[in-house]
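In: model this:
(chains A and B, ligands or ions: 2)
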Amino acid sequence: MKQTAAQRALIAALAWGVALLLFFPILWMVLTSFKSEVAAIATPPQLLFEPTLESYAEVQSRAEYLRFALNSVVVSLGGTLLALAFAVPAAYSMAFHPTERTRGTLLWMLSTKMLPPVGVLVPIYLLFRTVGALDTRTGLVVIYALMNLPILVWMLFTFFKEVPKEILEAGRMDGARTGGEFWHLLLPLTLPGIASTGLLSLILCWNEAFWSLNLTSSEAAPLTAFIASFSSPQGLFFAKLSAASTMAVAPILVFGWLSQRQLVRGLTFGAVK
Amino acid sequence: MATVTLRDIRKSYGAFEAIKGIDLDVADRELVVFVGPSGCGKSTLLRMIAGLEEITDGELAIDGKRVNETGPADRGLAMVFQSYALYPHMTVRQNMGFALRMAGVPRAERDRKVEEAARILQLGTYLDRRPKELSGGQRQRVAIGRAIVRNPKVFLFDEPLSNLDAALRGQMRVELTRLHEELNATMIYVTHDQVEAMTLADKIVVLQAGRVEQVGSPLELYHHPANVFVAGFIGSPRMNLLPGTAAVANGTGVEVDLDAGGPRVTVPSQAAGAASGRAVTLGIRPEALRPDANGPLYGEVKLAERLGGLTLLHVGLAGGQNVIVQIEGSAPTRAHEPIRLAVDGAACHVFDAEGQALPALRRNPLAA
Ligand SMILES: Nc1ncnc2c1ncn2[C@@H]1O[C@H](COP(=O)(O)OP(=O)(O)OP(=O)(O)O)[C@@H](O)[C@H]1O
Ligand SMILES: [Mg+2]
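Out: Ligands and ions are numbered 1, 2, ... in the order given. Sure thing, here's the model as predicted:
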C-alpha cells in the first residue's frame, strides 16, 4: 500500500505526539530541577524562568550522591550477572532439550511475576532479617536476580529458539561438548539477544524501588532510595526532588541512549539463518 | 577400516514406533543408501547412528564396538545435513576447521588439512567468505568439506542434495561418487530420490514405515524386487502393476491371465506359492512393453511424453487399467490413437496375493 503525503504527515504527527507525551514528564522534571523552589510551585507553571543550580547544590550538600550511585551500579550489575548465570543454562536446556512440561514450566515461571511483590514482602523481610541480609548489597543482588529471572529466562528462551537446532547438532558431530557448543556456537550466535536481555535487566534493576526501599536503609541504599529521601521528611520541595530524580535517572538514560542500537537490534533479532 | 552394524534397532516416540527393528551390516568403504517414502524413518535411523537420537532398543556397533551409549562427539562420525547447518558466524575456513579445533589440532596442521579439502572441493577462493556469501551449491560443498577435513570413520548424509536445483544435483551426484572413490570411506546416505539411490549406492536399503523392505545392489533391486513395494519404488517411470490370476505354474515358469484380458503371459518365475487359480499381480517394467501391431494388449494412447531420447506413452488399456510404455527414441505415436502392445514376459515379475515376489528362475547376471 502506498501512502499519500497527507497520510505520512499524519503518521509523523501522531508519532511525535506520542513521543512528546511520553517524554514530557521527564522534560518537566529536568526543567523543574533548574528552578528555584518558589518558581517550581508557581501557578500558572512557568516555561521561561531564570535557571539556577541551587537545588543541585542543596541536594549534594544533604546527601552523598556518589555512595547511592555506587550502590545502584553494584546492585544492578550484580543482580543482572547473577540472573544471567542462572537464566542462560535454564533457557538453554528449555530451548534445546525440551520435555512435554517445558512450556508449562515457562508459563509458570512467568506467572510468578503476576503476584504483587507486597504479597511476599513480610516473608522475605523476615528471611532477610534472620540471615542478616537486610540493608546489604548482597541481599539486594539476590532479590533483584530472583525478581528478573523469569523475564530473562523467557527472553533468552525465545532468542535461543531462533538458532536452528542443526547448527548445534553439527557442532556436536564436530566434537563439541556442551561447553564448546555453548561457547563457540550458541554464545556468538545469540550475543545480541543475550546483551539486550542483560541491558533490560540492568534498567529494571536500576529503576527498582519497592524492594530497595523496604530492604535497605542506609548502607546498601541505591538511587531510588536517594530520591525517596527527598520526597517525605520536610514536606514537598519540588525543585530539590526534581534535582535528585534527574541525578538518579541521568546515568541510566545516558546508558540507555548509548546502547539503544544494541537494544533495538536485540529485540528485533532473528537473523541467524 | 570402519564397519557399522545394526542389530534389531528400534525407536519409539511415546507409543509411536518409528523404527521397528532393523538389522543391517555396512561393510568397510561401502556406500549404503537408505531410501524410502517421506516419513518412513530414514532420518531417524541415520540420526540414531550419528548419536543425535537415542536408541530405544537394539544394538549399534561401529567397528564391532557397541556405541549405543557413546555421545555424538565421541563416535568419530561426520554428518552433512540437508539444511547444510554451517556456522553462520564463521568463515568457510573456520567452518571446515572447527572439528579439528575442537580436537585440539594445532593451527598449522588445521590450515593444511582445510586447504587440502578446499582443493578437493574447489573451494580455494572462498575460504575467507562467510556462509551467507555463498551460493547453495558452494554451501553444500563447504558442508561436505567440513566432514572431509575430519577424516571420519563414517560419513553420514541426510538428503544433502535436496535443496539444490536439478542441474546442480546431477553434478553433485557425480562429485559425490568421485569423492567416495577418492576418499575410500564408508558412507551412509539418506534420500527419498530413487535416482540418487540407484546412481550412488553400492547397496540400497529400501525402508517403509520403519521396516526394511529389501537390501541389495541397485541392479538387484531393479531386476529382482522382493515385493510389490520395492518394485513400485525403484525404477522410473514406475513399474506397471496389473492384477491377474495364475493359470499354469510349472518348471518353465508361471503363466498369468490378466484380468484386463488378452493372452497369457509366461514369466520365468519359480512356481512355488502360485497354485493355479490364485490371484497374483503381474509387474511389467515400462521398457518391457512395446508397440506391436499384432500385440495381445490393446488400448488407447492418452498422453505421449517426449523426452527426446525416450518416449513415454500413457496407455489406457481396454480393461480399464493404465500402463506406461517406454520407447527408445522419438516415436511417432500420438495421443488418442489406438495402440496394440506386446509384452516381454521374460522381463516381467509375478507377486503373490501378499505382495511378495515369486523368485525368478534365472538371476540377472549383473544383479550380483
Ligand atoms: N521427535 C519426534 N516425535 C514424534 N515422532 C517423530 C519425531 N521425529 C520423527 N517422528 C516420526 O517418525 C517417523 C520417521 O520420521 P523421519 O524424519 O525419520 O522420516 P524420513 O524418512 O526422514 O522422512 P523425510 O523423507 O520426509 O525426511 C515419521 O512418521 C515422523 O512423524
Ligand atoms: Mg528426513
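
In: need the residues of the stretch 1-150 of chain B near chain A, please.
Out: Counting by CB under 8 Å from any CB of the partner chain, the residues of the stretch 1-150 of chain B close to chain A are B:50-52, B:71-73, B:77-79, B:81, B:83, B:85-89, B:98-99, B:102-103, B:146, B:150. In this view, the C-beta of every residue, glycine as well, is placed from N, C-alpha and C.

In: got the domain boundaries for the chain?
Out: All of this is about chain A. The record assigns chain A these domain ranges, following automatic domain parsing: A:5-54, A:57-267.

In: my bad, the chain I had in mind was chain B
Out: Following automatic domain parsing, one finds the domains of chain B at B:4-229, B:240-284+B:348-360, B:299-342.

In: Burial check on residue A:264, number of neighbours?
Out: 12 (other CB atoms under 10 Å in any protein chain shown).

In: quick one: average pLDDT of the host helix or strand of it?
Out: When secondary structure is defined by DSSP states H and E, residue A:264 falls within helix A:260-267. Across helix A:260-267, the average pLDDT comes to 69.

In: Same check on stretch B:111-123?
Out: 91.

In: What subset of the residues of the stretch 1-150 of chain B next to chain A is buried?
Out: Burial of those was assessed by neighbour count (16 or more other CB atoms under 10 Å in any protein chain shown); the buried members are B:50-52, B:72-73, B:77-79, B:81, B:83, B:85-89, B:98-99, B:102, B:146, B:150.

In: before we move on, back to that, list just the one of the domains of chain A that sits closest to ligand 1.
Out: Nearest to ligand 1 among these is domain A:57-267; the distance by CB to the nearest ligand atom comes to 10.4 Å.

In: which one of the domains of chain A is the most hemmed in?
Out: Burial among the domains of chain A, expressed as mean neighbours by mean count of other CB atoms under 10 Å in any protein chain shown, is greatest for domain A:57-267, which shows a mean of 18.

In: Next one: that one, is it in contact with ligand 1?
Out: No - judged by CB under 6 Å from any ligand atom, domain A:57-267 makes no contact with ligand 1; its nearest approach is 10.4 Å.

In: do the same with stretch B:30-41
Out: Yes - with CB under 6 Å from any ligand atom as the criterion, ligand 1 is reached by stretch B:30-41 at B:36, B:38-41.

In: in what helix or strand does residue 160 lie?
Out: This is for chain A. Using DSSP H and E, residue A:160 falls in helix A:137-161.

In: okay, how far is it across stretch B:81-99, tip to tip?
Out: The straight-line separation of the ends of stretch B:81-99 (CA to CA, to the nearest Å) is 15 Å.

In: picking up where we left off before, the residues of the stretch 1-150 of chain B next to chain A in strands, which ones?
Out: Judged by DSSP state E, those include B:77-79 as members of strands.

In: Would you confirm that residue A:141 contacts residue A:75?
Out: Yes - taking contacts as CB atoms under 8 Å, residue A:141 lies within contact range of residue A:75: 5.7 Å.

In: Distance check, residue A:223 against chain B.
Out: Taken as CB to the nearest CB, to the nearest Å, the spacing of residue A:223 relative to chain B amounts to 38 Å.

In: can I assume that residue is in contact with residue A:70?
Out: No - with contact defined as CB under 8 Å, residue A:223 and residue A:70 do not form a contacting pair (9.7 Å).

In: picking that back up, could you dump the residues of stretch B:30-41 next to ligand 1 to JSON lines with neighbour count, pLDDT and secondary structure?
Out: Conversion of these to JSON lines gives the following (neighbours: other CB atoms under 10 Å in any protein chain shown; pLDDT from 0 to 100; DSSP: H, G, I helix; E, B strand; the rest coil):
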{"residue": "B:36", "neighbour count": "26", "pLDDT": "94", "secondary structure": "coil"}
{"residue": "B:38", "neighbour count": "7", "pLDDT": "93", "secondary structure": "coil"}
{"residue": "B:39", "neighbour count": "13", "pLDDT": "93", "secondary structure": "coil"}
{"residue": "B:40", "neighbour count": "21", "pLDDT": "94", "secondary structure": "coil"}
{"residue": "B:41", "neighbour count": "21", "pLDDT": "94", "secondary structure": "coil"}
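
In: residue ranges with poor pLDDT in the stretch 101-250 of chain A?
Out: Of all residues in the stretch 101-250 of chain A, those with pLDDT under 70 make up the ranges A:232-235.

In: What are the boundaries of the helices in it?
Out: Read by DSSP state H, counting those that start in this stretch, the stretch 101-250 of chain A holds these helices, from start to end of the chain: A:102-111, A:121-131, A:137-161, A:165-173, A:178-180, A:187-207, A:210-215, A:223-228, A:238-258.
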